[in-house]
Every structure is written in C-alpha cells, then in structure tokens.
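Undergrad: structure for this input, please:
(chains A and B)
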There are 2 protein chains.
Amino acid sequence: MADHTMLDKTMRINYLYDFYQSLLTPKQQNYMSLYYLDDYSLGEIAEEFSISRQAVYDNIKRTEAMLEEYEEKLLLLKKFQQRTELLNQLKTFSEKGKVVDDEFLRVIEALEKLE
Amino acid sequence: MADHTMLDKTMRINYLYDFYQSLLTPKQQNYMSLYYLDDYSLGEIAEEFSISRQAVYDNIKRTEAMLEEYEEKLLLLKKFQQRTELLNQLKTFSEKGKVVDDEFLRVIEALEKLE
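TA: Got it, this is the predicted structure:
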C-alpha cells in the first residue's frame, strides 16, 4: 500500500515535470530528470555534482513544491486529464460505428498529440 | 493598416493575459486588466495608483515581455489555436450528418470549455 502511494506520487511528479519543466532552472531540470527519469539516487546525484546529498534533497523538494504551485495556478495536468477523458469518449463513437468518415480518428489523434 | 496591426497585438496580449495572468503579481494584474480589459489610459492608471505615467508604462511593457516569455516556454496560446482548429474539423463531421449520436457535439463543447 505504501509502495502504491509512492508510485502515484512519482507518476504525478513525472507528469507535472513534463508540463512545467520549461519554467525551471537548468540546475533544477538536471536534478529532477536524473532523479525522476533516470532513477539516480540522491547520493549519486550529489557525487555527480560534487555537492552534499542534503543539498540535492532540498533542491528536489523545493522543485516539487514549485511544480505543485504551477499546477495550482495553471491546472495543465488537471485539464490534460479532463481532455483525455473527453477524447476517449469521442473515440467510443468511432468504435460503435457511429462515425462514417475515416478522417475522424486522425483528427482525434492529432488532438491527443497536442498535449 | 497601422490600426489593424495594433488590434492584432492587443488581441494577442489579451489572449496571453488570459492564459498566464495567474503567474503575474497582483500589481501586474491590476495594471494589465485596467489597460487591456477596461481600456484605461496610462494617465488614468497613474492617477489611480498615485505613480508616474512612465512607471505604469514600464510595468506594462515588462509584463507584456513576461507574457511572451511564458508563451515561448509553455505554448498555451499556440496549442489553444491548434486545438480550436481541430475541434472545428470535428464539428464539420457532425454538420455533414456523418455522426449519428447526439452526445457527440456535447463532448466537443465540453472540450472547448476546457480551454
């Protein structure tokens, strides 16, 4: 159960990082992508940049808080989730054979790629 | 022609303000909404806040540059325009009578409201 909660939190941070990474500093981007995308440990990142493990930890925690603040203000993840659900509803129209034109799914796929 | 260019620029700033206002300070929000939404002059805003006309002008110019920087990083306006175009394409499916289910337009309208 604890693991499941951890995974959800990691997935959420990964999504938020996807949406807001361009608003972070290069240093924040480095630490976050090593920790969350490349699965480095705090110690490995500390060694890589010749700083303390605590400094890496503090930076990552501050960055996570910033990502949540951006989400509070811009709601990009929340809107993405709502849009995904609506696009899935549109796709069921096609699956039910209710849409004749072949272009239909192509347009929905283009909408999905825009996220 | 000059007027037309002005209008385009004003419309663009209005859109950008819509997308990114939550990232601005309350002071920036005040000046921008008085100037762009309520059509106050620089002099009127200066009087309202007991500061110089130049200070209001500088603040608004800086804010406009910030909005463009956010757009460069997050592309919310560009994606909104692309999404609008794709949603309009989906609506033509309905107008051509190619979609049977009544729920179809309701879902597209929900997608539009999400912007």
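Undergrad: wait, doesn't A:Lys78 sit right on A:Glu68?
TA: No. Checked against C-beta atoms under 8 Å, the pair A:Lys78 and A:Glu68 is beyond contact range at 11.8 Å. Glycine gets a C-beta too; all of them are placed from N, C-alpha and C.
Undergrad: gap between the nearest residue to A:Leu76 once chain neighbours are set aside and B:Thr63?
TA: Spatial nearest neighbour of A:Leu76, chain neighbours left out: A:Phe19 (4.3 Å); criterion: C-beta to C-beta, 6 or more residues apart in numbering or on different chains. As defined by C-beta to C-beta, to the nearest Å, A:Phe19 lies at a distance of 23 Å from B:Thr63.
Undergrad: next one: A:Lys9
TA: 35 Å.
Undergrad: of those two, who's got more company?
TA: Taking neighbours as other C-beta atoms under 10 Å in any protein chain shown, A:Lys9 and B:Thr63 compare with B:Thr63 leading, 24 against 11.
Undergrad: contacting residues for that one?
TA: B:Leu24, B:Gln28, B:Tyr31, B:Met32 (C-beta atoms under 8 Å, 6 or more residues apart in numbering or on different chains).
Undergrad: next, format the residues you listed as JSON lines and append distance to chain A and secondary structure.
TA: Formatted as JSON lines, the contacts of B:Thr63 follow (distance: C-beta to the nearest C-beta, whole Å; DSSP: H, G, I helix; E, B strand; the rest coil):
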{"residue": "B:Leu24", "distance to chain A": "10", "secondary structure": "coil"}
{"residue": "B:Gln28", "distance to chain A": "14", "secondary structure": "helix"}
{"residue": "B:Tyr31", "distance to chain A": "19", "secondary structure": "helix"}
{"residue": "B:Met32", "distance to chain A": "16", "secondary structure": "helix"}
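Undergrad: most neighbours among these, which one?
TA: In the contacts of B:Thr63, the most neighbours by other C-beta under 10 Å go to B:Tyr31, 25 neighbours.
Undergrad: residues in contact with that one?
TA: Here B:Tyr31 is in contact with B:Ile45, B:Val56, B:Asn59, B:Ile60, B:Thr63 (criterion: C-beta under 8 Å, 6+ apart).
Undergrad: I'd like the next helix or strand past the helix or strand harbouring the fourth one.
TA: Counting by DSSP states H and E, the element that carries B:Ile60 is helix B:53-74. As assigned by DSSP H and E, the chain's next helix or strand after helix B:53-74 is helix B:76-95.
Undergrad: can you pull the buried residues of that next one?
TA: B:Leu76, B:Leu77, B:Arg83, B:Leu86, B:Leu87, B:Gln89, B:Leu90, B:Lys91, B:Phe93, B:Ser94 (16 or more other C-beta atoms under 10 Å in any protein chain shown).
Undergrad: quick one: the next helix or strand after that helix near chain A?
TA: Toward the C-terminus, helix B:76-95 is succeeded by helix B:103-113 as the next helix or strand (DSSP H and E). Yes. Using C-beta under 8 Å from any C-beta of the partner chain, helix B:103-113 reaches chain A at B:Glu103, B:Phe104, B:Val107, B:Ile108, B:Ala110, B:Leu111.
Undergrad: what's the offset of helix B:103-113 from the middle of its chain?
TA: 21 Å (C-alpha atoms, centre = their mean, to the nearest Å).
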